[in-house]
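> sequence below, structure please.
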Amino acid sequence: MGEKKPYSDRRWTDIPECTVIGHEEITEEEKKMVRDFKKRHAKEGLFSKEE
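Residues are numbered from 1 along each chain as shown. Down below sits the predicted model:
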């Protein structure tokens, strides 16, 4: 058996392909609800303001 370079096998060098499933756009109303939720909880110290 010859010397093989480490990590030269196909499983290490081939870039995997991914498929996104279940992606759903959210409405402006839902975005506002999330912002309000984060603001309320940031005041209570449950979220930092950057999150």
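
> excluding its backbone neighbours, what's nearest residue 7?
Nearest residue to residue 7, sequence neighbours excluded (C-beta to C-beta, 6 or more residues apart in numbering): residue 13, at 7.5 Å. Quick note: C-beta positions are derived from backbone N, CA and C, even for glycine.

> any weak-confidence spans in the protein?
Along the chain, segments meeting pLDDT under 70 span 1-2, 47-51.

> which residues of it fall in strands?
With strands called from DSSP state E, the chain shows none.

> just the C-alpha atoms of the longest helix along it, please, in CSV.
The single longest helix within the chain, with elements called by DSSP state H, is helix 28-43. C-alpha atoms of helix 28-43 as CSV (Å, rounded to 0.1, in the frame of the first residue of the first chain):
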residue,chain,number,x,y,z
GLU,A,28,-43.3,43.3,8.1
GLU,A,29,-45.9,42.8,10.9
GLU,A,30,-44.0,39.7,12.1
LYS,A,31,-40.7,41.6,12.0
LYS,A,32,-42.2,44.4,14.1
MET,A,33,-43.5,41.8,16.6
VAL,A,34,-40.0,40.3,16.9
ARG,A,35,-38.4,43.8,17.4
ASP,A,36,-41.0,44.7,20.1
PHE,A,37,-40.5,41.4,21.8
LYS,A,38,-36.7,41.9,21.9
LYS,A,39,-37.1,45.5,23.1
ARG,A,40,-39.3,44.4,26.0
HIS,A,41,-37.0,41.5,27.0
ALA,A,42,-33.8,43.7,26.6
LYS,A,43,-35.3,46.0,29.3
